[in-house]
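1. how would this look folded up:
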Amino acid sequence: MSATYLYNGTLIDGTGHAPVPDAALYIEDNVIRAVGPQSAVLPPLGKECQRIDLHGGTILPGFIDCHVHLTFQSFGDQDPYFVPYTYHVLKTAQYASATLDAGITSVRDAGGADRGIQRAIDEGLIRGPRSQISVTMLSITGGHGDDYSPHLGRALENPLQVSGVCDGADGVRKKVREVIRAGAQVIKAATSGGVLSPTDNPEDAHFTLAELEALVDEARMHGNIKAMAHAQAAEGIKNAVRAGFHSIEHGIYLDNEAIDLMLEHGTYLVPTLVAPLAVIKAFEAGRRVPSYAVEKSKRVMDAHHESIARAYRAGVTIAMGTDSGVGAHGTNLEELYWLTQIGMRPMEAIVASTKTAAECLGWSDRLGTLEAEKLADLVVVRQNPLDNIKSLADRENIALVMKDGQLIVH
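-> Just a heads-up that it's a prediction; the model follows:
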């Protein structure tokens, strides 16, 4: 049995409680056995363990990103129409490693990763965060997840993945069964148009309420699997909440009725504030960005921030997510700064990325906070993020990352 003793740090445990100075953690294998003031947390007498002096750094739970796409990164130098699918699969190892090195120890993959990629990470074949996967996104014909290319006059189909295109309640039920068969642990559907798709608009609702109710009902029949909605249009958001979706992703055009419905149903909001910003940043850097994506990103940005700010003030539960893959993998923690720009205090942004994110994924029994008997996922940073929340996105600031009791960065 391996043991690790971390000491001489300031503890931010993810619960929102005040920081604990001069703190320590004692870990056996992959489980936290004790955490708290160093005076009260010491390794057992006679027990051999690795001792790590944190030199006054700040100890935080491993961060959780509730919305990533580990299998792709938009706006690269190569035309995706001419890149073999296996190349994308192999690049995933690079993306997953960058995510973990940034302090993200767990993710919910919102489309792209399958059970093979998940297994490769879980078994240590490649480095990366633990994951909850959706496999692919369900979409109406011509919707945000329909890869039909006006340029080619046909769909750009990935032979390694289930197509998510479906229509009608019966078609939706069948597609839910197919993605669960492929390994989905959460069902994702586009209940509105989006920014990066060429043939739809973020202001338009997709799927009928009856179709979405069929999706949620079918998912519940398979071990009570939850549903997440790519939902930008107000009506698309409201239809998803009424149908029983667990979380709303993006939430660009939230109106007061949508916010009230989310509060009534206890629906999570995953804002991904950095996603439209990443599109514009890529364009300004001279990357290959379609003109429609730039136009729509600029169109939605102000409404996006205003919607999330109103939802926060109303008390909607916010869990951190980035849509990483639209922006560069490994830059995930930039989202915390933007959460503070819609009104959150730095501690609230940290809780949204740890405790609340773990609750959103249904993993709060073992992750999200630094408490005894939880898994040993943690990050140590050199600067106190309560003084400078932007510092979390600085890779040079990360002193240590531990996932499942294993030192990843040290």
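2. contacts and neighbour counts: CA atoms only from here.
-> Noted.
3. so how far is the first residue of stretch 319-338 from its last?
-> End-to-end distance for stretch 319-338, by C-alpha to C-alpha, to the nearest Å: 13 Å.
4. do you know how far T208 is from V186?
-> Distance, T208 to V186, using C-alpha to C-alpha: 20 Å.
5. give me the more crowded residue out of these two.
-> Shown here are T208 and V186; by other C-alpha atoms under 10 Å, V186 has more neighbours (24 against 18).
6. would you confirm that that one contacts M228?
-> Yes. Between V186 and M228 there is a contact under C-alpha atoms under 8 Å: 7.1 Å.
7. what is the burial count for D255?
-> Other residues close to D255 by other C-alpha under 10 Å number 17.
8. likewise K281?
-> 15.
9. repeat that for the one 10 residues further on.
-> By the criterion of other C-alpha under 10 Å, S291 has 12 neighbours.
10. now do the one 5 residues further on
-> By the measure other C-alpha under 10 Å, the count of residues near K296 is 19.
11. list the contacts for the nearest residue to it once chain neighbours are set aside?
-> Computed as C-alpha to C-alpha, 6 or more residues apart in numbering, the closest residue to K296 that is not its neighbour in sequence is V195, at 5.6 Å. For V195, the contacting residues are N201, P202, Y292, A293, K296, S297, by C-alpha atoms under 8 Å, 6 or more residues apart in numbering.
12. out of those, which are buried?
-> Neighbour-count burial (16 or more other C-alpha atoms under 10 Å) is assigned, among the contacts of V195, to N201, P202, A293, K296, S297.
13. tell me the one among the residues you listed nearest to A110.
-> A110 lies nearest to P202 out of these, by C-alpha to C-alpha, at 17.6 Å.
14. can I take it that the closest one is in a strand?
-> No. Applying DSSP: H, G, I helix; E, B strand; the rest coil, one finds P202 to be coil, outside a strand.
15. can you give me the neighbour number for the closest residue to R366 other than its chain neighbours?
-> Distance criterion C-alpha to C-alpha, 6+ apart; nearest residue to R366, sequence neighbours excluded, is K374 at 4.6 Å. Number of residues near K374 (other C-alpha under 10 Å) recorded here: 20.
16. isn't V316 up against V270?
-> No. With contacts counted by C-alpha under 8 Å, V316 stays clear of V270, the gap being 10.3 Å.
17. more neighbours, these two?
-> V270 (28 against 21).
18. measure T71 to V89 for me?
-> For T71, the distance to V89 - C-alpha to C-alpha - is 6 Å.
19. quick check: which element contains the residue nearest to E178 when sequence neighbours are not counted?
-> Counting by C-alpha to C-alpha, 6+ apart, E178 lies nearest to V162, which is 7.5 Å off, once chain neighbours are set aside. Using DSSP states H and E, V162 sits in no helix or strand.
20. next up, the contacts around V162.
-> Counting by C-alpha under 8 Å, 6+ apart, V162 has contacts V135, T136, E178, V179, A182.
21. surely the fourth one is within a helix?
-> What that stands for is V179. Yes. Per three-state DSSP, V179 lies within a helix segment.
22. list the buried residues for stretch 21-38?
-> Buried positions in stretch 21-38, judged by neighbour count with 16+ other C-alpha under 10 Å: 21-28, 30-38.
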